[in-house]
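Peer 1: I'll drop the sequence and a predicted model, then ask my questions.
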Amino acid sequence: MGSLQLKSIRKAFGTHEVLKGIDLDVTDGEFVIFVGPSGCGKSTLLRVIAGLEDATQGSIRIDGQEVATVPPAKRGIAMVFQSYALYPHLTVKDNMGLGLKQAGAPAQEIETRVSKASKMLSLDPYLARRPAELSGGQRQRVAIGRAIVREPKLFLFDEPLSNLDAALRVQTRLEIARLHRELKATMIYVTHDQVEAMTLADKIVVLSAGAIEQVGSPMELYNHPANVFVAGFIGSPQMNFIDAGKLGESGAKTVGIRPEHIALSRESGDWKGKVVHVEHLGADTIVYMETEATGLLTVRLFGEHQYATDDVVFATPDRNSMHRFDANDRAIR
């Protein structure tokens with residue numbers, strides 16, 4: 001009840017083309033996340049799906065029905081925004097049920113749906129409160145509840161966690177994951193935070209400059225990036241990129257190795273260098289070092305390690321985890 005097909009979607013503002021021919025299939029019940037840097041077109045694409053922006057060209061089908069000319073209210077979607085967009089004078093209960101009330105739903109149906117969503121989101125103690133009496137995390141849960149009561153074909157999330165602090169982001173992320181499992185609903189979610197993408201998505205869509213760079217599961221993108229852009233965008237800290245010529249790698253322009261796939265030693269290894277900075281994070285130690293072969297190299301070590309600036313160390317990459325890219329920055333399989 002919630003499939004989506006996009007075909008040749010283009011969107012231009014005057015002479016500036018923001019979306020450059022997007023093709024995408026989302027199956028019923030999938031959790032799909034759009035990621036990419038600021039200005040890549042991910043929020044514009046979400047708004048085109050919602051009907052808040054008109055596509056300049058292309059087809060949008062929800063459950064097989066063409067909706068490119070259908071108004072937002074008739075598309076069977078519900079959207080959760082970065083800003084909570086709650087009515088300050090209404091209670092939590094009334095905010096959640098307002099859309100149904102405006103659509104003319106019977107009072108008992110509104111009561112039933114609001115009660116169900118409230119229980120899912122643990123909002124029962126707050127139903128009589130107004131938004132000003134709630135924390136940021138509680139307000140976002142009300143906004144999500146307002147979407148749930150509509151029982152849409154598609155849930156659309158536009159960076160819903162970006163206004164929350166770190167602890168609340170983790171908590172709300174877990175709640176959204178649980179809701180997806182319980183509702184078995186189709187969800188399309190925009191974020192610039194790759195941790196959200198890697199932990200929530202069934203399928204990630206990586207966008208750059210209005211075009212799709214790669215579509216795949218989180219681990220497909222991590223293990224088999226299609227190009228340098230995806231390889232550098234997925235994973236934290238970012239993948240190291242090294243001039244293949246410096247390593248004697250024939251047939252490739254660039255070699256990539258993730259920081260977590262490099263071992264460090266004080267005695268011996270492939271690349272000798274000097275530590276320029278260390279980040280002690282408790283669970284991880286991030287070591288930045290300069291080597292003649294690679295230039296600046298980032299190494300991620302599990303646990304606490306006592307390296308310090310100016311230490312002489314040796315780095316050894318896991319050769320089976322190295323990525324090779326051609327002159328067009330495409331992965332060499």
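Peer 2: Great, that's in hand.

Peer 1: contact partners for Pro237?
Peer 2: Pro259, Ile286, Thr298, Arg300 (CB atoms under 8 Å, 6 or more residues apart in numbering). Placement of C-beta: from N, CA and C, glycine included.

Peer 1: ok, Met96 next?
Peer 2: Counted by CB under 8 Å, 6+ apart, Met96 has contacts Val114, Ala117, Ser118, Leu123, Val142, Gly145, Arg146, Val149.

Peer 1: any stretches of this protein with poor pLDDT?
Peer 2: 1 (pLDDT under 70).

Peer 1: residue with max distance from the center of it?
Peer 2: Going by CA atoms, centre = their mean, the residue of the chain most distant from its centre is Glu267, 40.4 Å out.

Peer 1: would you confirm that that one contacts Thr316?
Peer 2: No. At 10.9 Å, Glu267 does not count as touching Thr316 under the criterion of CB atoms under 8 Å.

Peer 1: mind naming the longest helix for this structure?
Peer 2: Within the chain, and with DSSP state H defining each element, the longest helix by residue count is helix 166-183.

Peer 1: without its sequence neighbours, what residue ends up closest to Met79?
Peer 2: Residue nearest to Met79 in three dimensions, not counting chain neighbours: Leu156, with 4.4 Å by CB to CB, 6 or more residues apart in numbering.

Peer 1: run the angle between the host helix or strand of the one you found and helix 166-183 for me.
Peer 2: Assigning secondary structure by DSSP states H and E places Leu156 in strand 154-158. Orientation check (axes from the mean of the first three to the mean of the last three CA atoms, to 10 degrees): strand 154-158 against helix 166-183 gives 170 degrees.

Peer 1: quick check: the residue nearest in space to the middle of the chain vs Phe157, distance?
Peer 2: A centroid search over the chain (CA atoms, centre = their mean) returns Ala197, at 3.3 Å, as the residue closest to the centre. With distances taken as CB to CB, to the nearest Å, Ala197 is found 12 Å from Phe157.

Peer 1: what of Val67?
Peer 2: Distance, Val67 to Phe157, by CB to CB: 19 Å.

Peer 1: more neighbours: which of these two?
Peer 2: The residue with more neighbours, out of Val67 and Phe157, is Phe157; 26 against 21, by other CB atoms under 10 Å.
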